[in-house]
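*Asks:* below is the sequence, then the predicted model.
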Amino acid sequence: MMKFLFPIAACIILLVSACEPNYYPRPKGFFRLELPDKEYKVFDSVPLPYLFEKPDYAIVFPDTAPHAEPHWIDIHYRPFNASLHFSYKEIDNNLDVYLEDARLFVNKHIPKASIINERLYQDHMYDVYGLLFTIEGTGAASPVQFFLTDSTHHFVRAALYFNFTPNNDSLAPVIEYIKADIEHMVETFRWRQY
């Protein structure tokens, strides 16, 4: 019996002595986001009928999707694996169709959205008018969208998407950071004069 009792007692003593004397529960950790400094530069590409200021950490590419039309671009926010998809249309007595399409794209997010906020933009000096939509909700695929028009010739619509399945609660700081860049882009948006 002593043969079995001694090894068991030695194991118990070893286990107890190996434990930390004062155990304190530790809080769960979160990733630390390094947000780049903001510096804006004018994006002015000659064939495009518009220009605006964009953050220098964002890269602009022509949209290469099979259905892409001329003057469509993608703005990639590489540090965050996100893209702002820009589409452009010329108005030919069909502004109401484009406005309704923009509303439909936003309304597709209603099942996943808890709130959809609208912000009106009017720049009478440069004939830029539009709405910026902020879509709040854990599963909303596109948290920020907007459209801009001069109401006679040009119409632009854009939507922000992350290149992974988003959890917008966790991404809230990143979404707010990019949203500030998008607001700056909208405020500096101009139509090219030919």
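*Replies:* Perfect, I can see it now. Please read these numbers as outputs of a predicted model, since none were measured by experiment. Residues are numbered from 1 along each chain as shown.
*Asks:* against Ile8, how distant is Met48?
*Replies:* Careful, residue 48 is Leu and not Met. As judged by C-beta to C-beta, to the nearest Å, Leu48 and Ile8 stand 79 Å apart. C-beta here means a position set from N, CA and C on the backbone, and glycine is covered the same way.
*Asks:* those two - which one has more neighbours?
*Replies:* Taking other C-beta atoms under 10 Å, Leu48 and Ile8 do not tie; Leu48 has more neighbours (19 against 9).
*Asks:* what helix or strand is that one located in?
*Replies:* Under the criterion DSSP states H and E, no helix or strand holds Leu48.
*Asks:* distance of it from Cys11?
*Replies:* Applying C-beta to C-beta, the value for Leu48 to Cys11 is 74 Å.
*Asks:* swap in Glu69?
*Replies:* Relative to Cys11, and taking C-beta to C-beta, Glu69 is found at 73 Å.
*Asks:* got it, and Pro166?
*Replies:* From Pro166 to Cys11 the distance is 49 Å (C-beta to C-beta).
*Asks:* in which helix or strand would I find the residue nearest the centre of the chain?
*Replies:* For the chain, the residue sitting closest to the mean C-alpha position, by C-alpha atoms, centre = their mean, is Leu160 at 4.5 Å. Under the criterion of DSSP H and E, Leu160 resides in strand 154-162.
*Asks:* lovely, talk soon.
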